[in-house]
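Colleague: heads up, no residue letters with this:
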């Protein structure tokens, strides 16, 4: 019995499953996108932007958190501010801004950032 035969079967099965899942997700995104684009209203334009900026927000939040943990508070502040430019109501980004400002001894600015979470 060849053990590589079984390994190759599992690789083929998992590759196929990943393909199916990816295809399904792409269909969902395309369906949402076509629905949103039926009417060219400002809210639909924002919906399309949100559809594609989710990864960007999470990436920026991750970048900000990593920079903060390394002690690079300016880089963290920049990343968190970019998130709030995309979504002014993003609570965690405002907390990150407040913490970064506090660590930079900019206490009054930190208080304003923390107040923005209310």
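Modeller: Structure received. Just so you know, these numbers come straight off a predicted model, no measurement behind them. Numbering: from 1, shown residues only.
Colleague: Next, count neighbours for residue 96.
Modeller: Counted with other C-beta atoms under 10 Å, residues neighbouring residue 96 total 25. For the C-beta atoms, the positions are set from N, CA and C on the backbone; glycine is no exception.
Colleague: Could you report the neighbour count for the nearest residue to it once chain neighbours are set aside?
Modeller: The shortest distance from residue 96 to any non-neighbouring residue, by C-beta to C-beta, 6 or more residues apart in numbering, is to residue 80 (3.9 Å). Neighbourhood size, residue 80 [other C-beta under 10 Å]: 29.
Colleague: And residue 76, by the same measure?
Modeller: There are 25 residues near residue 76, going by other C-beta under 10 Å.
Colleague: Can you name the residues that contact it?
Modeller: By C-beta atoms under 8 Å, 6 or more residues apart in numbering, the contact list for residue 76 reads 64, 65, 67, 68, 96, 99, 100.
Colleague: From residue 76, how far off is the fourth one?
Modeller: Distance of residue 68 to residue 76, computed by C-beta to C-beta, to the nearest Å: 4 Å.
Colleague: what does the third one give?
Modeller: Relative to residue 76, residue 67 is positioned 4 Å away (C-beta to C-beta).
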